[in-house]
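# dropping a prediction and its sequence here:
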Amino acid sequence: MKPVMLDHHKPGLLLWLRSALFLLGMGVSTLIAVPIALILLVVPFALRFRLVANWARFNLWWLGVSCRIKADISGLENIIDQPAIIMCKHQSAWETLMIQLLFPPQVWILKRELLHIPIYGWGLAAMKPIAIDRSLGVRSLKQIVRQGLERLHAGLWVVVFPEGTRLAPGVRQKYHPGGAMLAEKSGCPVLPIAHNAGYLWPRNSFLKRPGVIRMVIGPPIPTQGKKATQIIRETEDWIEATVASLPAPTCDTPGGGLQIRPLNQPASRPTP
């Protein structure tokens, strides 16, 4: 499937300037947050997570100020009072920030090579990720299950991007089984998340276009008594159908406002 592209005019100078301002703010905040995260290794993880999550809070606020990107969240009532496995569509870096604000203390399944990024990778390592080497195949799946069970039993949520990489809107890729295998072994519910952030903050793009990102948190998917194949199929079906139902923003002028069709979802709460 080909990626869906928005019909934008050539970006204007203001759009470039706004995007540069956001990148500057994000860079400075990261330089401040990483040493703090390392110092906080001595405190319990739940407290460390809540303090470090202020980095995500700042950057979402700064994204709204500098790039005029806001968010509309539906399905907050589906967030349950027990550890669960979040499976989220991966189009952008935006959802990695928003998930930190919406959900209880959490750890992520991620590619081990991300820990090698100077400064940013050090901060990631301080947040107890399940860092896998995907080239190891079955061994990496066993690691996900083993470490995932440890995190869930400790009361933490586990975040999975089952496609394994960011994809442009309209592109689909086979969902990897690791998160579903963890759900099968743990019996913890899966919370699916769909969104359309890739239109405004595209993968590998410097430019960020103004508008409202829509995110939908789905009802928990029960996993007890189910095989991983059934869990991943139900999760993928819900996420992809919901993503397909979300409206694509349209931009009338370079760097200008966006018109978004009403979303056929329950009442939602705007966030920065």
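That came through, no problem.

# surely residue 52 is in a strand?
No - read with DSSP: H, G, I helix; E, B strand; the rest coil, residue 52 is helix and lies in no strand.

# tell me which element the residue lying closest to it once chain neighbours are set aside falls in.
The shortest distance from residue 52 to any non-neighbouring residue, by Cβ to Cβ, 6 or more residues apart in numbering, is to residue 37 (5.0 Å). Every residue, glycine included, has its C-beta placed from N, CA and C. Element membership for residue 37 (DSSP states H and E) is helix 13-39.

# same deal with residue 73?
Using DSSP H and E, residue 73 sits within strand 69-74.

# what's whichever helix or strand comes after that strand packed up against?
Next along the chain after strand 69-74, taking DSSP H and E as the criterion, comes strand 85-88. Strand 85-88 sits against helix 94-102, strand 157-160, helix 178-186, strand 190-195, helix 228-245, with contacts defined as 3 or more Cβ pairs under 8 Å, 6 or more residues apart in numbering; DSSP states H and E.

# for strand 85-88, list every residue counted as buried.
85, 86, 87, 88 (16 or more other Cβ atoms under 10 Å).

# export those residues to CSV and tack on distance to residue 232 and pLDDT?
Compiled in CSV, these are given as follows (distance: Cβ to Cβ, whole Å; pLDDT from 0 to 100):
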residue, distance to residue 232, pLDDT
85, 11, 98
86, 14, 98
87, 8, 98
88, 14, 98
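
# can you show me the CA trace of the strand holding residue 73 as PDB?
The C-alpha coordinates for strand 69-74 follow below in PDB (Å, rounded to 0.1, in the frame of the first residue of the first chain):
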ATOM      1  CA  ILE A  69      -0.100  21.200  16.900                       C
ATOM      2  CA  LYS A  70      -2.800  20.200  19.400                       C
ATOM      3  CA  ALA A  71      -4.400  16.800  20.300                       C
ATOM      4  CA  ASP A  72      -7.900  15.500  20.700                       C
ATOM      5  CA  ILE A  73      -8.000  12.200  22.700                       C
ATOM      6  CA  SER A  74     -11.000   9.800  22.700                       C
END
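
# partners of that strand in the sheet?
Under the criterion DSSP bridges, strand 69-74 sits next to strand 211-217 (parallel), strand 269-271 (antiparallel) in its sheet.

# can you say which of these is packed in most?
strand 211-217 (a mean of 24; mean count of other Cβ atoms under 10 Å).

# and it, what's its mean pLDDT?
For strand 211-217, the mean per-residue pLDDT is 96.

# ok now it, how far from the chain's centre?
Its chain's C-alpha centre and that of strand 211-217 lie 12 Å apart, by Cα atoms, centre = their mean, to the nearest Å.

# what's around residue 32, how many residues?
11 (other Cβ atoms under 10 Å).

# now do the one 4 residues further on
By other Cβ under 10 Å, the residues close to residue 36 number 15.

# ok, residue 240 next?
Neighbour tally, residue 240, other Cβ under 10 Å: 15.

# circling back: got CSV for the strands paired with strand 69-74, with distance to residue 113 too?
Output for the strands paired with strand 69-74, formatted as CSV (distance: least, Cβ to Cβ, whole Å):
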stretch, distance to residue 113
strand 211-217, 27
strand 269-271, 31
